[in-house]
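Novice: Only the shape, not the letters, is given here:
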C-alpha cells in the first residue's frame, strides 16, 4: 500500500511537472508570437515609412529640393519627372497666352550656377512668373541639372512657369553640342537623353504676353517665318515632332533679325532666314504686337533693342561658354506691362564648381563655339 501510494504521488508529481512545462511552453510560444508580430508590425512601419520617404522624394518638391543643390534625382524619379513634364507640355497650345507680371528669359545653355544667379536677381519660383525662350541645354557643364530643374518647376507650377522650344531642344543638335554626351557620362546610357528629347517634342513654339493690351509681346526663340503672317497660322502647325530642317517650325527656332534693306534673306546659319525692320513692322501690325522678344544670338550687354523697339534680343547666359565676357539679362514685365531689363553678371567663381572638380579633365570634352 505504501509503495502504491508512493507511486501515485510520483505520477502526480510527473503530471504536475508536465503541466507546468506545457504552460511554460504555451507562454513561450505566445510570447514568441507576440514578439514576431511586433517585429512584423515594426518592419511594416519601417517599410511604409521608407515607402513614404521614397514617395516624398519622387514629387516635384523632392525633385526641386535635390536639384537646387545640384543633386541628381534617381532614375525612377527622372522617369516620373520627364513623363509628368511631357504631360504638362503636350496639353499646351503652340502659342501660349501668358498674363503679366512675368519675367522673360533668354538662352541658358546648361550654365546651372548662372541660372542660380538669375534667380537671385529675378526671384525663385513661385515668387515670380517666368517665360523661358528655349536653349536650356548644350555647351554648359550642367545641362542635365538645368533642364530637370526647369521641368520640375513646370510640373510644380504649371501656370507660373512657361517653357518654349529653342533650336537646341532637338535630337540632332544635342548629339553635337554636349547634352547627349553629358547624359552618357552621368548615367551610363542614353535613357535620360531619350526621356528629355521626347519632352522637347511637346514644347510650345511661342507665347503672347499681355494679349489684347497695347503693349503685348510676342515671344519666340529665334525669329519669324515667311510661311506664317499671323499668330493663328503658327497655332495651326503640327509641332509634336523633331524639328524639321526647313519650314515654318524650323524658321521660328533659327531665324535672325538683321539690318537689311527689306524682305527676307538667306541665313548664314544654314537654317531659317534673316529678316529686316519691314518684316517686323508688318508682323507686329498684323497681330497687334508692340514688340517681338527673342533670344538665339549672343548680346554682349545682355539685351539689344532693334527696329524702333519693335524687337528685342534677350540673352540670359552671362560669360557664355565660360569665356565670352558678356552680361546676362532678363526682361521683367509688370502687371501693366511696364518693362525693366535686369542685367547681371556670372555667378562668382567662389560659388560655382566645374565638372573637373569632380572628374578627370580628360573625360570632359569642350563644347564651345
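Specialist: Alright, I've got the coordinates. These numbers come from a predicted model, not from an experiment. Residues are numbered from 1 along each chain as shown.

Novice: where do the helices sit along the stretch 1-150 of the chain?
Specialist: 2-57, 60-68, 75-90, 112-122, 143-156 (DSSP state H, counting those that start in this stretch).

Novice: The shortest one packs against which elements?
Specialist: Which is helix 60-68. Secondary-structure packing of helix 60-68 (3 or more Cβ pairs under 8 Å, 6 or more residues apart in numbering; DSSP states H and E): helix 75-90, helix 143-156. For glycine as for every other residue, the C-beta is placed from the backbone atoms N, C-alpha and C.

Novice: Figure out how far the longest one is from the centre of its chain.
Specialist: Pointing back at helix 75-90 there. Here helix 75-90 is found 10 Å from its chain centre; the criterion is Cα atoms, centre = their mean, to the nearest Å.

Novice: Find the helix or strand that the residue lying closest to residue 311 once chain neighbours are set aside is a member of.
Specialist: Nearest non-adjacent residue to residue 311, counting by Cβ to Cβ, 6 or more residues apart in numbering: residue 292, 4.4 Å away. Taking DSSP states H and E as the definition, one finds residue 292 inside strand 291-294.

Novice: partners of that strand in the sheet?
Specialist: If you go by DSSP bridges, strand 291-294 pairs up with strand 217-220 (parallel), strand 311-314 (parallel).

Novice: most tightly surrounded among these?
Specialist: Of those, the one with the most neighbours on average (mean count of other Cβ atoms under 10 Å) is strand 217-220, at a mean of 26.

Novice: ok so, going back, right, and the residue nearest to residue 311 touches residue 313 too?
Specialist: No: checked against Cβ atoms under 8 Å, the pair residue 292 and residue 313 is beyond contact range at 9.5 Å.

Novice: wait, doesn't residue 210 sit right on residue 100?
Specialist: Yes: using Cβ under 8 Å, residue 210 is in contact with residue 100, at 5.3 Å.

Novice: Can you pull the residues that touch both of these two?
Specialist: 333, 337 (Cβ atoms under 8 Å, 6 or more residues apart in numbering).

Novice: Next, the buried residues of stretch 113-125.
Specialist: 113, 114, 115, 116, 117, 118, 119, 121, 122, 125 (16 or more other Cβ atoms under 10 Å).

Novice: Residues contacting it, please?
Specialist: 68, 103, 105, 108, 128, 130, 142, 146, 149, 153, 156-157, 160-161, 316-319, 328, 330, 332, 342, 344-347, 351-353.

Novice: Kind regards, and thank you for your time.
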